[in-house]
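In: predicted model and sequence below, questions to follow.
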Amino acid sequence: MKRIKTGVPGLDVMLNGGLPEGRSILVTGPCGTGKTLIGYHFMQEGHRERQKCVLITFEQTKDKVVSDAKEIGIDLKTMETKGDLRIIGGNFGTLRHFKERAHAKTEDLIQEIADVIKDTGAKRVVIDSVNLFTMLFDDDSDRRIILASLIYTLDEMGCTSLLTCEVPEDSGRFGWFGFEEFMVDGVVSLRRLPFDGNMERSITIIKMRGSAHNMSTRAMIINDKGVVVYPDEEPASVRLAHHSPD
C-alpha cells in the first residue's frame, strides 16, 4: 500500500510511513489541540512532493488562514501563487447565509468541491472543519448524507483527505455529532491531559483501516515550527499512571 506523508515530525513514524493513499482521515480534538496545524503540515508536504492540494476552510477567512500558517513557517500564499494549492471557503456564518439565500442543496455543495478538485488535479484535500460543514444542515439525517457523499466523492477522485473535527473538551467523543468517526477510514485523536498543574498534549491513532499503526498514546507539542510528535514517548501523565502503585 502506498503511503502519503503528513509532514508532521514523528506522526509518520506512528503511521508506519504515512497515511494510506486515497483514504479519508478524521483529525479530531477540542479547540486548540493542533488539528488545523496538522492540515497545514499536510499541505506543505504535498507541495514538497509536487502534489496539488486543496484547503477548504469553514472557520476563518483566507487571509487569516495564510497568516496563521506563516506563523509556523508554512507559506501557503506562495504555494497558491505557484498553482500548487487552492484555498476556498470562508466564515461559517457567511457560508450558511449564502446557502440559505441560494437554496443550495447537498449535491450542489459536493459538486462545487468536486469541481475545484478536478480543476486543480488535487490529490491532497483538507477540510477544516467537517463539523462546521455538516452544521450547514439542520437535520442529523441530512448531515449523515452530506458527510457520506463528501467522503465517497473524495475517495472516488483518488484524494487523500484530512477532515478536522472539533469535539467538546473532556467529552471522550471523536465526532461532534457522534457518527463522524464511523464513516471515515482513519481517526487521529488529539487531546490535552492534566499533569502537575498544567495541560500536556497527546496524540492517539484510534483507527486506520487497512494499515498497521502505533496504537499507543504519544506525547506531542506545538512550537514555532508547528506540531511535533514524539513517537516513542508517552505523555508524563500516562507514563506515571502505568507505574503508579495499585
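Out: Received it, and whenever you're ready, just let me know what you need.

In: how far away is the closest residue to Leu11 other than its chain neighbours from Thr217?
Out: What sits nearest to Leu11 in space, not counting adjacent residues and going by Cβ to Cβ, 6 or more residues apart in numbering, is Val229, at 4.5 Å. Where C-beta positions appear, they are placed from N, C-alpha and C, glycine not excepted. Per Cβ to Cβ, to the nearest Å, Val229 is found 11 Å from Thr217.

In: which stretches in this protein count as helices?
Out: Remark: helices assigned in the chain by DSSP state H are 11-14, 35-48, 62-71, 76-81, 92-102, 106-120, 130-134, 140-156, 180-183, 236-243.

In: shaky segments in the chain?
Out: Scanning the chain with the threshold set as pLDDT under 70 gives 90-106, 240-246.

In: tell me the centre residue of it?
Out: Thr164 (3.4 Å; Cα atoms, centre = their mean).

In: ok, now how distant is that residue from Leu37?
Out: From Thr164 across to Leu37, the span is 10 Å (Cβ to Cβ).

In: got it, and Leu15?
Out: From Leu15 to Leu37 the distance is 17 Å (Cβ to Cβ).

In: more crowded one of the two?
Out: Leu15 (26 against 22; other Cβ atoms under 10 Å).

In: skipping its backbone neighbours, what lies nearest the more buried one in space?
Out: His213 (5.4 Å).

In: what do you get for Val188?
Out: Of all residues not flanking Val188 in the chain, Val27 sits nearest, at 4.9 Å (Cβ to Cβ, 6+ apart).
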